[in-house]
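Undergrad: give me coordinates for this.
(chains A and B)
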There are 2 protein chains.
Amino acid sequence: MEIGVIGGGSIGLLLASLLDRSGHQSTLFVRRKEQMHEINRNGILCLPDHTCSWVRAEQIDDLRQMDLYIVCVKQYDLCSIINQLNTFDGSVIYIQNGMGHIDLLNGATCDQTILLGTCEHGAKRQNERTVTHTGKGKINLSLFRGEQALLQKWTNSLNSDIFPLKPCCDWEVMLIDKLLINIVVNPITAIYQVKNGELLTNQYLHTLAKLVCSEASDALGQDETKQWVRIVNIIETTKENDSSMKEDITNYRKTEIEGILGYVLKRIDQKSSLIHFLYLSIKALEEKKG
Amino acid sequence: MEIGVIGGGSIGLLLASLLDRSGHQSTLFVRRKEQMHEINRNGILCLPDHTCSWVRAEQIDDLRQMDLYIVCVKQYDLCSIINQLNTFDGSVIYIQNGMGHIDLLNGATCDQTILLGTCEHGAKRQNERTVTHTGKGKINLSLFRGEQALLQKWTNSLNSDIFPLKPCCDWEVMLIDKLLINIVVNPITAIYQVKNGELLTNQYLHTLAKLVCSEASDALGQDETKQWVRIVNIIETTKENDSSMKEDITNYRKTEIEGILGYVLKRIDQKSSLIHFLYLSIKALEEKKG
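TA: The predicted structure is shown next:
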């Protein structure tokens, strides 16, 4: 069975390393030659336990037929990947934040079985080949289009203690659960440059996070109280972590703000919306530092 | 004529220096002994043109009878000063941001003539005795309680090219005009750590500032379009300046957020309010850095 992991960011490096350690061979497709060479020379190093995995790296342009693709690029880099994947017929798992990729996938005409995933691992890329596994989690997996049997097949063959997979019956529920966490945690930690945990310990950020959860739950037709309990739990377990958006702002990188807030922004009255305010704030910080 | 300037912050230092240069003697009352000694030894230095003014400094605790007091302490330090001033009967000019002092003044029972001022000078304190005059402006002056004739008297005797004074007939209009500028400029520049001008050049901060202007104008019964034109004008002329709240956050000092947003917060539905959001943001940054 040939697995292609696409994207050499933190999640791509982590998943390729975890697959290798759980006995699966995968090929990691990356955009840049330097990263490819670095990984082929020295392997993927996973911290904090210094595990080195010898995973073969190739360039995304050389993508070829595989049994399964796990797509780990950021949502805003997805467009060209989807067109490439359309020319093959292996199953594809898309692991992106937000809901922005759904429209792209709906637009694509192909017969592939498409699965959607949400990633609960914490990971931080240190350099071309090194990733820190900042929080052990799992991958949730759900059928978006195609054969239900393939969801079963991939879950059975991939799921292990090292690479935990959990099948979910409703992709929309799965994505919206993840979306809500990202809406509440990512922009606030990025604007105020705080670790996740401060959303609970700083009383004003706590109030602010709760207001954002309320507005987003409302717009997404979710039960606010239930969602808040769930989100508080996740913040507790990731309290020492820096959110990806905080890291992006710190490092003058483009953030995933469009993917994370775009979907919910379409569903609210923008004028007095806190989520619109968060959106403008992150865009302002991107422009300020750009 | 004896004038007491109360408060050794940027505005107190600047006004004492300007009074001296326009031929008026004043005494500067400060809280701390070290600042008093420093000023009595070396005078007040006003940048950028390096004017040194030999102004006598005393401690606020030794406050005594004067013909006129100009109160330049921050609004949150006003409480004890008002009680002290109540025991004398010279006229008092209060130059504070926001509307928070109005309740305090309404509560105080005394026969003093009370004037309110708004300061359009830009000033930044560099050390105990040094202030940079970052933007030449004027003092607007309006009668709050007492004798109209005294407003006339003080305007006539103080107004000069060096110390411009403009009488205003309605203190509420005067304070609300200043309040709206502070609401739009101060919190946003402090949260995103930008100079005033970026509220116009960063397109997202521009949208954000306009939304805040709209919500605040609405709550204060002001014409949004007219106020926005006025505020844009002031931002233009102070585009190179750092707002006082930005400086306070940078230097881990308490901000004037209660005085600036408190009055308008009482007049809006807090749940989906951007001004409430700004309030929580500044409080969060104060707590984060405190």
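
Undergrad: only C-alpha atoms for contact and neighbour calcs from this point on.
TA: Fine.

Undergrad: wait, doesn't residue A:208 sit right on residue B:279?
TA: No - the pair residue A:208 / residue B:279 is not scored as a contact, 10.0 Å apart, by CA atoms under 8 Å.

Undergrad: looking at chain A, which helix or strand does the model trust least?
TA: Taking mean pLDDT, DSSP states H and E as the measure, helix A:100-107 is the helix or strand of chain A with the lowest mean score, a mean of 87.

Undergrad: and that one, which residues are buried?
TA: A:100-101, A:105 (16 or more other CA atoms under 10 Å in any protein chain shown).

Undergrad: which helices and strands sit right next to that helix?
TA: Using 3 or more CA pairs under 8 Å, 6 or more residues apart in numbering or on different chains; DSSP states H and E, the elements in contact with helix A:100-107 are helix A:78-85, helix A:257-265.

Undergrad: deepest in the core, which of those helices is it.
TA: Neighbour counts (mean count of other CA atoms under 10 Å in any protein chain shown) averaged over each of these peak at helix A:257-265, with a mean of 20.

Undergrad: residues making contact with that helix?
TA: Contact with helix A:257-265 is made by A:75-76, A:97-101, A:179, A:182-183, A:187, A:216, A:219-220, A:275-276, A:279, A:282-283, as judged by CA atoms under 8 Å, 6 or more residues apart in numbering or on different chains.

Undergrad: residue A:233 in helix, strand or coil?
TA: With DSSP: H, G, I helix; E, B strand; the rest coil as the basis, residue A:233 sits in helix.

Undergrad: how about residue A:255?
TA: coil.

Undergrad: re the thing from before, following the least confident helix or strand of chain A, which helix or strand comes up?
TA: strand A:114-119 (DSSP states H and E).

Undergrad: tell me which residues of that next one come out buried.
TA: Going by neighbour count (16+ other CA under 10 Å), the buried part of strand A:114-119 is A:114-119.

Undergrad: let's have those in TSV, adding pLDDT.
TA: Shown next, in TSV, are the buried residues of strand A:114-119 (pLDDT from 0 to 100):
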residue	pLDDT
A:114	95
A:115	96
A:116	97
A:117	97
A:118	96
A:119	95
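
Undergrad: I'd like the helices and strands packed on helix A:100-107 written out as JSON lines, with distance to residue B:193 and mean pLDDT added.
TA: Below are the helices and strands packed on helix A:100-107 laid out as JSON lines (distance: least, CA to CA, whole Å; pLDDT from 0 to 100):
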{"stretch": "helix A:78-85", "distance to residue B:193": "33", "mean pLDDT": "89"}
{"stretch": "helix A:257-265", "distance to residue B:193": "20", "mean pLDDT": "92"}
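
Undergrad: and the strands in chain A?
TA: Per DSSP state E, chain A carries strands over the ranges A:3-6, A:26-30, A:44-47, A:51-53, A:56-59, A:68-71, A:91-94, A:114-119, A:122-127, A:130-135, A:139-145, A:165-168.

Undergrad: and the contacts of the longest one?
TA: Same thing as strand A:139-145. Residues contacting strand A:139-145 (CA under 8 Å, 6+ apart): A:112-121, A:151, A:155, A:163-171, A:174.

Undergrad: and the residues you listed, which are buried?
TA: Neighbour counting with 16+ other CA under 10 Å marks A:112-119, A:121, A:151, A:155, A:163, A:165, A:167-168, A:171, A:174 as buried within those.

Undergrad: pLDDT weak spots in chain A?
TA: Low-confidence segments of chain A (pLDDT under 70): A:289-290.

Undergrad: tell me the domain ranges of it?
TA: A:3-169, A:174-289 (automatic domain parsing).

Undergrad: identify, from the buried residues of helix A:100-107, the entry nearest to chain B.
TA: Comparing the buried residues of helix A:100-107 against chain B with CA to the nearest CA places residue A:100 closest, at 21.3 Å.

Undergrad: wouldn't residue A:196 be in contact with residue A:189 here?
TA: Yes - taking contacts as CA under 8 Å, residue A:196 lies within contact range of residue A:189: 6.3 Å.

Undergrad: common neighbours of these two, please.
TA: A:242-243.

Undergrad: looking at the strands of chain A, spot the one closest to residue A:268.
TA: strand A:114-119 (24.5 Å; CA to CA).

Undergrad: give me the helices and strands touching the closest one, please.
TA: strand A:91-94, strand A:139-145, helix A:171-192.

Undergrad: put the alpha carbons of it into CSV.
TA: C-alpha atoms of strand A:114-119 as CSV (Å, rounded to 0.1, in the frame of the first residue of the first chain):
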residue,chain,number,x,y,z
ILE,A,114,-12.7,11.8,-0.5
LEU,A,115,-12.4,11.6,3.2
LEU,A,116,-12.1,14.6,5.5
GLY,A,117,-10.0,14.7,8.6
THR,A,118,-9.5,16.9,11.6
CYS,A,119,-6.2,16.8,13.4
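
Undergrad: next one: it to chain centre, how far?
TA: 9 Å (CA atoms, centre = their mean, to the nearest Å).

Undergrad: now stretch A:216-227
TA: Distance of stretch A:216-227 from its chain centroid, counting by CA atoms, centre = their mean, is 21 Å.

Undergrad: kindly report the same for stretch A:13-31.
TA: Computed by CA atoms, centre = their mean, the chain-centroid distance of stretch A:13-31 equals 16 Å.

Undergrad: using CSV, write out every CA atom in it.
TA: What follows is stretch A:13-31, C-alpha atoms only, in CSV (Å, rounded to 0.1, in the frame of the first residue of the first chain):
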residue,chain,number,x,y,z
LEU,A,13,6.2,16.0,8.9
LEU,A,14,4.4,14.7,12.0
LEU,A,15,2.1,12.3,10.2
ALA,A,16,4.8,11.0,7.9
SER,A,17,6.9,10.3,11.0
LEU,A,18,4.0,8.7,12.9
LEU,A,19,3.1,6.5,9.9
ASP,A,20,6.7,5.3,9.6
ARG,A,21,6.9,4.5,13.3
SER,A,22,3.6,2.5,13.1
GLY,A,23,5.0,0.4,10.3
HIS,A,24,3.6,2.1,7.2
GLN,A,25,5.8,3.4,4.4
SER,A,26,4.9,6.7,3.1
THR,A,27,6.3,9.3,0.6
LEU,A,28,6.3,12.9,1.8
PHE,A,29,5.6,15.3,-1.1
VAL,A,30,7.0,18.8,-0.4
ARG,A,31,7.1,22.0,-2.4
